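Student: need coordinates for the following:
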Amino acid sequence: MSRPLNFLHLTTFYPPYSFGGDAVQLYRLAHALADGGHHVDVVHCVDSYHLLHPGEPPVAYAEHPNVVRHELRSGFHSISPLLTQQTGRPWLKRKTIAEVLRLRPYDVIHFHNISLLGPEILSIQPAQGKPVKIYTTHEHWLICPTHVLWKFNRAPCEKPECLRCTIQAKRPPQLWRYTGLLGRMAKEVDQFVAPSRFTARMHAERGFPQPVDYLPNFIDRVDDDWRNPTPRPQEAPYFLFVGRLELIKGLQTLIALWDRVPKYDLLVAGIGSYEAELRAQARGNPRIKFFGALTHQKLGALYHHAIACLVPSITYETFGMISVEAFARKTPVVARDLGALPEVVQDSGGGFVYRTDDELLQAMERLASAPALRAEMGQKGYDAFVRLWCREAHLRTYFEYLDRSAERKYGCIPWRQVEVSIQ
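Tutor: Residues are numbered from 1 along each chain as shown. Next up is the predicted model:
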């Protein structure tokens, strides 16, 4: 029998001060743990968010009474994340982090995207308690200074040339990466997990010194999205793209071939730094429509009514979260055969993978012209979502990792209360 646990999550970005799927995944996990009666503290860096986005977040997120956010803000603003990026140490964040560590005896310390907290953060210890430390590789930062294994700003990285690549990406080189700091700090972590088998394998192949196990991401059940969907966004049939509008997400490859798709629209949900270029590229085609940043409820309707969700990323994704979000609405997926994207499709049977434009167009036409095939693949995707990528499936495996880590570290599971009956 287990008591409620105290969780401390540390990350660079957390909603609403966030940009991508890593922060949303942590938000879901924090709320799932809080719903289970556990206490959750989240430490995140608002200075880092404003380094990349000077304004306030465009989308609001609901707070949870059992989740407490601790914002890292300094009077030095952007100097704080830049100093950490260069040294690998949380110099101007130490005081706030130390104050949080004194709040309660933490059972679990979970690290997420710590790129602008620095690897030294892995060595922190609370003032009390017997914590287990776990790290989720939401991205490739542990083995790639630019996070995404995108080499020279033009292609997936097949052979590392990190210093040249970092400079070409217009990022300051991180000298601490050549000091052994990350390897030393990684020994402080009890369990590393990756959201895909591909990502775990990449860390091993690129020389990360600690074993990385497989723990897929999840989303919450959204049954009402397809049982009681909101109205169609439009009458014309359409395919859907959802994601950050960045070069590596590959939307430009869809726009370039959409003149060859005369019967269907392409709806685009998301914002990002490459948005202006994408809108300019699509300007001559009225069947490509940009919706901007949307709430999860509005996204649910877009997913549900789409013929299929297209995932054309041109770099090594660590998971196929967009695919899982589509499967949760019984919508099939057509994904590029690259990185972790094929895993989700192949594990589910909920769509197609492609390597060429012609293969993509063929898959789209098969789904658009055969409603029974679309329904069959959508159902397979949904069944796999329930089996592999829902909240319950994730938490079950998550706690198994925590229990095993505690057994290895302490010879027992500190949060288990064994009831002894007196005869």
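Student: got the buried residues for stretch 198-214?
Tutor: For stretch 198-214, burial by neighbour count (16 or more other CB atoms under 10 Å) applies to F198, T199, A200, M202, H203, F208, V212. C-beta coordinates here come from the backbone N, C-alpha and C atoms, glycine included.
Student: biggest separation within those residues, which pair?
Tutor: By the measure CB to CB, F198 and F208 form the most distant pair in the buried residues of stretch 198-214, at 14.0 Å.
Student: so what are the domain limits for this structure?
Tutor: Under automatic domain parsing, the residue ranges defining each domain of the chain are 6-218+390-410, 223-389.
Student: what is the rounded mean pLDDT of the first one?
Tutor: Spelled out, that is domain 6-218+390-410. Mean pLDDT, computed over domain 6-218+390-410, is 95.
Student: before we move on, the earlier item: what about the buried residues of stretch 198-214, which are in strands?
Tutor: Secondary structure assignment (DSSP state E) places V212 from the buried residues of stretch 198-214 within strands.
Student: show me the helices in the stretch 1-150 of the chain, by range?
Tutor: Along the stretch 1-150 of the chain, the segments classed as helices by DSSP state H, counting those that start in this stretch run 21-35, 46-52, 79-87, 94-101.
Student: CA atoms only: put the longest one into CSV for me.
Tutor: Read that as helix 21-35. Below are the C-alpha coordinates for helix 21-35, written out as CSV (Å, rounded to 0.1, in the frame of the first residue of the first chain):
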residue,chain,number,x,y,z
GLY,A,21,5.4,19.0,-26.9
ASP,A,22,7.9,18.5,-24.1
ALA,A,23,6.2,21.1,-21.9
VAL,A,24,2.7,19.8,-22.7
GLN,A,25,3.8,16.3,-21.8
LEU,A,26,5.0,17.4,-18.4
TYR,A,27,1.8,19.4,-17.9
ARG,A,28,-0.2,16.2,-18.5
LEU,A,29,2.0,14.2,-16.2
ALA,A,30,1.8,16.7,-13.4
HIS,A,31,-1.9,16.9,-13.6
ALA,A,32,-2.3,13.1,-13.8
LEU,A,33,-0.2,12.7,-10.7
ALA,A,34,-2.1,15.5,-8.9
ASP,A,35,-5.4,13.8,-9.8
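Student: so what does the closest residue to H305 other than its chain neighbours have for phi and psi?
Tutor: Ranked by CB to CB, 6 or more residues apart in numbering and with sequence neighbours excluded, the top spatial neighbour of H305 is R232, at 4.7 Å. The main-chain torsion angles of R232 are listed as degrees, to the nearest 10 and equal phi -60, psi 140.
Student: where does the stretch 251-400 of the chain dip in pLDDT?
Tutor: Filtered on pLDDT under 70, the stretch 251-400 of the chain yields no residues whatsoever.
Student: touching, the residue nearest to H305 and Y303? I think so.
Tutor: No: between R232 and Y303 there is no contact under CB atoms under 8 Å: 11.8 Å.
Student: pick out whichever of those two has more residues nearby.
Tutor: When R232 and Y303 are compared for neighbours, Y303 comes out ahead with 25 against 14, by other CB atoms under 10 Å.
Student: ok, that one to D213 distance?
Tutor: Distance check for Y303 against D213: by CB to CB, to the nearest Å, it reads 30 Å.
Student: again, but for A293
Tutor: A293 sits 33 Å away from D213, taking CB to CB as the criterion.
Student: ok, how many other residues are close to E376?
Tutor: If you count neighbours by other CB under 10 Å, E376 ends up with 14.
Student: same thing with R177?
Tutor: Close neighbours of R177, defined as other CB under 10 Å, add up to 15.
Student: how about the contacts made by it?
Tutor: G88, P145, C162 (CB atoms under 8 Å, 6 or more residues apart in numbering).
Student: highest neighbour count among those?
Tutor: Looking at the contacts of R177 with neighbours defined as other CB under 10 Å, the largest count falls to G88 at 21 neighbours.
Student: who's in contact with that one?
Tutor: Residues touching G88, when contacts are defined by CB under 8 Å, 6+ apart, comprise G118, P119, E120, Q174, W176, R177, L181, L182.
Student: between those, which sits nearest R244?
Tutor: The shortest gap between R244 and any of the contacts of G88 belongs to Q174, at 23.2 Å (CB to CB).
Student: OK, contacts around that closest one?
Tutor: Q174 is in contact with Q85, Q86, G88, P145, T166, counting by CB under 8 Å, 6+ apart.
Student: quick one, phi/psi of it?
Tutor: Torsion angles, degrees, to the nearest 10, at Q174: phi -100, psi 100.
Student: against E161, how distant is it?
Tutor: Distance of Q174 to E161, given as CB to CB: 15 Å.
Student: kindly report the same for I114.
Tutor: Between I114 and E161 the computed distance is 24 Å (CB to CB).
Student: neighbour count for these two, which is higher?
Tutor: Between I114 and E161, counted using other CB under 10 Å, the more crowded position is I114 (22 against 11).
Student: grab the nearest non-local neighbour of that one.
Tutor: Residue nearest to I114 in three dimensions, not counting chain neighbours: I121, with 5.5 Å by CB to CB, 6+ apart.
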